[in-house]
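Participant: Sequence first, predicted model second:
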Amino acid sequence: MSDRITVRAPAKINLHLGVGGPRDDGFHPLETVYTSIGLYDDVVATAAPAWSLGLDAASYVDASAVPLDDSNIVAAAARALSALHGVPVVADVTITKGIPVAGGLAGGSADAAAALVALDRLLALETSDDDLLRIAAELGSDVPFALVGGHALGTGRGEVVTPLPVTDTVLWWVVVPSTSGGLSTPAVYRHFDALNPGASPEPSPATAVVEALASGDARALAAALHNDLQAAAVDLRPDLGSLISLGEAHGALRGIVSGSGPTVVFLCADADAARGLAGVLQEDGRTALVANGPVAGAHLVNGL
Ligand SMILES: C[C@](O)(CO)[C@H](O)COP(=O)(O)OP(=O)(O)OC[C@H]1O[C@@H](n2ccc(N)nc2=O)[C@H](O)[C@@H]1O
Ligand SMILES: Nc1ncnc2c1ncn2[C@@H]1O[C@H](COP(=O)(O)OP(=O)(O)OP(=O)(O)O)[C@@H](O)[C@H]1O
């Protein structure tokens with residue numbers, strides 16, 4: 001058994017995000033198509049007699065926005081494993097963040113998924129896949145997908161994940177994080193409610209995106225991309241609208257707000273187009289990251 005385990009988990013983009021009017025519990029029913037992209041957080045768990053949590057972050061990540069106390073979702077993941085198995089779950093844990101915080105890319109969810117896998121392996125807990133998925137859903141709506149990766153349909157509040165076929169088409173993205181702070185996911189959902197009073201409980205169907213994915217045609221997918229939270233995010237942060245126009249004028253097939261924002265992602269025809277667009281946006285003074293997908297969900301990168 002290794003005394004040091006590293007698990008890597010990817011950011012997500014919602015290719016379709018259909019949102020219905022709120023349920024009685026306040027959550028919104030979703031029909032979403034998730035895809036994972038090659039922009040990662042790593043969680044390193046090392047055997048230790050007590051719990052500790054630290055952070056390294058890429059230059060474009062606001063490390064000060066990540067709490068390192070019990071409110072970190074990684075600590076919640078450790079508590080959930082402890083409750084399931086009835087044993088203490090302690091380790092030295094370091095998160096290395098490449099996923100912008102509060103960006104609509106599910107960075108915290110990636111950390112939770114990575115921590116579940118890393119702590120399970122470090123402590124030889126042998127948690128079943130069903131239990132991992134159940135705990136993941138309790139930790140957050142996006143966490144089960146971070147375990148699974150690839151392309152997947154998300155229903156319920158997003159936590160019911162059904163894998164979709166992965167073709168050999170590689171999707172090329174340019175990811176543009178906000179330079180003026182994140183957006184709170186609950187605040188964006190509240191703004192969606194304010195803009196859509198009496199919204200139908202039925203989320204808009206993902207059929208067009210599912211068909212475009214199956215066709216393997218990036219242009220067809222670009223035309224089908226859809227995010228019901230985009231109007232709310234752009235209303236809260238009008239600069240996102242002009243950023244989308246800028247990217248689309250410089251070669252992107254399409255730009256959309258990622259999830260609840262404020263990250264904007266551009267789907268490009270190929271790697272060259274993505275690198276070209278990223279260069280233009282970088283010359284404009286922005287952070288612009290090239291990432292492709294789909295990629296695997298939370299996976300061990302050492303300690304096998
Ligand atoms: C915007 C998305 O990223 C799209 O995948 C997700 O819906 C957000 O998923 P998440 O951050 O994992 O969300 P959770 O941690 O489960 O919930 C945070 C808050 O977001 C809102 N929320 C989340 C999911 C959902 N289907 N309806 C909601 O209204 C609720 O206010 C909730 O209290
Ligand atoms: N490990 C973590 N990484 C990032 N944020 C965390 C973490 N643990 C707790 N948080 C808190 O969660 C908030 C949301 O962070 P996160 O980066 O997951 O947002 P997000 O990408 O917009 O999420 P989503 O796309 O799932 O809605 C942060 O503002 C921070 O206060």
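Facilitator: It's in. Ligands and ions are numbered 1, 2, ... in the order given.
Participant: can we go C-alpha only for contacts and neighbour counts from here?
Facilitator: Will do.
Participant: Can you tell me, leaving aside adjacent residues, what's nearest to A298?
Facilitator: A9 (4.1 Å; CA to CA, 6 or more residues apart in numbering).
Participant: which SSE is that neighbour in?
Facilitator: In this assignment (DSSP states H and E), A9 forms part of strand 4-19.
Participant: returning to that earlier point: the residue nearest to A298: what's it in contact with?
Facilitator: 40-42, 110-111, 113-114, 146-147, 296-299 (CA atoms under 8 Å, 6 or more residues apart in numbering).
Participant: can you redo those as JSON lines with secondary structure, distance to ligand 1 and neighbour count?
Facilitator: Converted to JSON lines, the contacts of A9 look like this (DSSP: H, G, I helix; E, B strand; the rest coil; distance: CA to the nearest ligand atom, whole Å; neighbours: other CA atoms under 10 Å):
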{"residue": "Y40", "secondary structure": "strand", "distance to ligand 1": "16", "neighbour count": "22"}
{"residue": "D41", "secondary structure": "strand", "distance to ligand 1": "16", "neighbour count": "27"}
{"residue": "D42", "secondary structure": "strand", "distance to ligand 1": "18", "neighbour count": "26"}
{"residue": "A110", "secondary structure": "helix", "distance to ligand 1": "10", "neighbour count": "32"}
{"residue": "D111", "secondary structure": "helix", "distance to ligand 1": "11", "neighbour count": "31"}
{"residue": "A113", "secondary structure": "helix", "distance to ligand 1": "11", "neighbour count": "35"}
{"residue": "A114", "secondary structure": "helix", "distance to ligand 1": "14", "neighbour count": "32"}
{"residue": "A146", "secondary structure": "helix", "distance to ligand 1": "10", "neighbour count": "31"}
{"residue": "L147", "secondary structure": "helix", "distance to ligand 1": "12", "neighbour count": "26"}
{"residue": "A296", "secondary structure": "strand", "distance to ligand 1": "17", "neighbour count": "19"}
{"residue": "G297", "secondary structure": "coil", "distance to ligand 1": "15", "neighbour count": "26"}
{"residue": "A298", "secondary structure": "coil", "distance to ligand 1": "15", "neighbour count": "29"}
{"residue": "H299", "secondary structure": "strand", "distance to ligand 1": "19", "neighbour count": "20"}
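Participant: Mind putting these into a markdown table with distance to ligand 2 and pLDDT?
Facilitator: Formatted as a markdown table, the contacts of A9 follow (distance: CA to the nearest ligand atom, whole Å; pLDDT from 0 to 100):
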| residue | distance to ligand 2 | pLDDT |
| --- | --- | --- |
| Y40 | 12 | 98 |
| D41 | 9 | 98 |
| D42 | 10 | 98 |
| A110 | 8 | 98 |
| D111 | 5 | 99 |
| A113 | 10 | 98 |
| A114 | 10 | 98 |
| A146 | 10 | 98 |
| L147 | 13 | 98 |
| A296 | 17 | 98 |
| G297 | 15 | 98 |
| A298 | 14 | 98 |
| H299 | 17 | 98 |
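Participant: how close does R23 get to T162?
Facilitator: According to CA to CA, to the nearest Å, R23 stands 21 Å off from T162.
Participant: er, A45 actually
Facilitator: Separation of A45 from T162 (CA to CA) stands at 29 Å.
Participant: quick one: which of the two has more around it?
Facilitator: Neighbours per residue (other CA atoms under 10 Å) separate A45 from T162, with A45 holding more: 28 against 15.
Participant: And what about that one, helix, strand or coil?
Facilitator: Put simply, A45 is strand when judged by DSSP: H, G, I helix; E, B strand; the rest coil.
Participant: Same check on L183?
Facilitator: coil.
Participant: quick one, phi/psi of it?
Facilitator: phi -120, psi 140 (degrees, to the nearest 10).
Participant: I'd say it and S260 touch.
Facilitator: Yes: using CA atoms under 8 Å, L183 is in contact with S260, at 7.3 Å.
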